[in-house]
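Asker: Fold the stuff below for me.
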Amino acid sequence: MTSGVGAPDRAKIAARTLRTDRWWLPPLLTNLGLLAFVVYATIRSFMGKWYWAAEYGYLTPFYSPCLSDSCLPGSSHFGTPLPELPGWIPLGFIALPFLLGFRLTCYYYRKAYYRSVWQSPPACAVAEPHGGYSGETRLPLVVQNAHRYFFYVALVVSVVNTYDAVVAFTHGLGLGNFILLGNVILLWAYTLSCHSCRHIAGGRLKHFSKHPVRYRAWTLISKLNVRHMQLAWTTLGTLVLTDLYVMLVASDAISDLRFF
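Answerer: Numbers count the residues shown, from 1 in each chain. Modelled structure (predicted):
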């Protein structure tokens, strides 16, 4: 190594780190959390069933929007402009790639998987295994610069998810309505707490006093931005919870708790 901890002007220490605490635990937990979500989301996205509870109007966010003739009757809130899809294409394929891109290029998730998956570095005062770093200037990391554009699509998908939650209320009121609504609220909080959203609101302004509305928006988004990490993990959990509840209700494994 000719750079980083292996640079000629750095102290020659054979051990990877002199830390004696459990520095490896946070990266391990991050890896396990991300792996659990990826495995669950992949299985459910390709399962192709139990995503729509017609009686209650519950549509899982993993299949929204559902725009093909392969979708179950009633689950296509925006019509079916696409023909039937082969089984190897997820019914939610329109939104899923963009949502994946939004999460992968998210500033918090970058830090999370750079440290845990790529170990670059895994913790403070712990040497990374890489001999060099080219920055986000070439594939695949150059895609990180498209985060703002993924954010725009994520806004549209959040509107779609909101519409799904509102439509479900036309079927009455049950526990699933609150689960869908809570998931949508937290998804909006995560999306709007994005660093790109904060920059769009007021990042390029030179005089806040001349733009009071944008300054107010920037202030509110900045308060959300402080919780961006917590929202990033919380929304992974609410997405799984929402999908799991809809799946159990749609498969008749459980009955929805109805209030009226």
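
Asker: quick one: low-confidence ranges for this structure?
Answerer: Counting by pLDDT under 70, the chain has low-confidence residues at 1-11, 13.

Asker: Which parts of it are strands?
Answerer: With strands called from DSSP state E, the chain shows them at 52-53, 58-59.

Asker: any idea which of those is most buried?
Answerer: strand 58-59 (a mean of 30; mean count of other C-beta atoms under 10 Å). To be clear about C-beta, it is placed using only N, CA and C from the backbone, and glycine gets the same treatment.

Asker: Which strands border that strand, and is each parallel or antiparallel?
Answerer: Strand 58-59 has its sheet partners listed here by DSSP bridges as strand 52-53 (antiparallel).

Asker: starting at the chain centroid, how far to the strand it pairs with?
Answerer: Distance of strand 52-53 from its chain centroid, counting by C-alpha atoms, centre = their mean, to the nearest Å, is 23 Å.

Asker: likewise stretch 217-233?
Answerer: Stretch 217-233 has its C-alpha centroid displaced from the chain centroid by 14 Å (C-alpha atoms, centre = their mean).

Asker: go on, stretch 23-32?
Answerer: Remark: stretch 23-32 is offset 19 Å from the chain centroid, using C-alpha atoms, centre = their mean.

Asker: circling back: adding distance to residue 136, write the strands of the chain out as JSON lines.
Answerer: Formatted as JSON lines, the strands of the chain follow (distance: least, C-beta to C-beta, whole Å):
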{"stretch": "strand 52-53", "distance to residue 136": "39"}
{"stretch": "strand 58-59", "distance to residue 136": "36"}
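
Asker: So for residue 216, which of those sits nearest?
Answerer: Distance to residue 216, taken as C-beta to C-beta, is lowest for strand 58-59 among the strands of the chain, at 34.3 Å.

Asker: Need the contact partners of that closest one.
Answerer: In this structure, residues lying in contact with strand 58-59 by C-beta atoms under 8 Å, 6 or more residues apart in numbering are 51-53, 66, 75, 77, 164, 167-168, 176, 180, 245-246, 249-250, 256.

Asker: Select only the buried ones of those in PyMOL?
Answerer: A single PyMOL command selects the buried members of the contacts of strand 58-59 (16 or more other C-beta atoms under 10 Å):
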select buried, resi 51+52+53+66+75+77+164+168+176+180+245+246+249+250+256
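
Asker: Might you specify the subset of the contacts of strand 58-59 located within helices?
Answerer: Among these, DSSP state H puts 164, 167, 168, 176, 180, 245, 246, 249, 250 in helices.

Asker: of all those, which two lie farthest apart?
Answerer: The span of the ones in helices among the contacts of strand 58-59, defined through C-beta to C-beta, is set by 167 and 245 at 16.5 Å.

Asker: about what we covered before: next, give me the two most distant ones among the contacts of strand 58-59.
Answerer: It's 66 and 256 that sit farthest apart of these, by C-beta to C-beta, at 20.0 Å.

Asker: Any figure for the gap between the residue lying closest to residue 171 once chain neighbours are set aside and residue 90?
Answerer: In this structure, residue 171 finds its nearest non-sequential neighbour in residue 57, 3.9 Å apart by C-beta to C-beta, 6 or more residues apart in numbering. Using C-beta to C-beta, to the nearest Å, residue 57 is found at 21 Å from residue 90.

Asker: how many neighbours does the closest residue to residue 33 other than its chain neighbours have?
Answerer: The shortest distance from residue 33 to any non-neighbouring residue, by C-beta to C-beta, 6+ apart, is to residue 233 (7.0 Å). Neighbour count of residue 233, defined by other C-beta atoms under 10 Å: 17.
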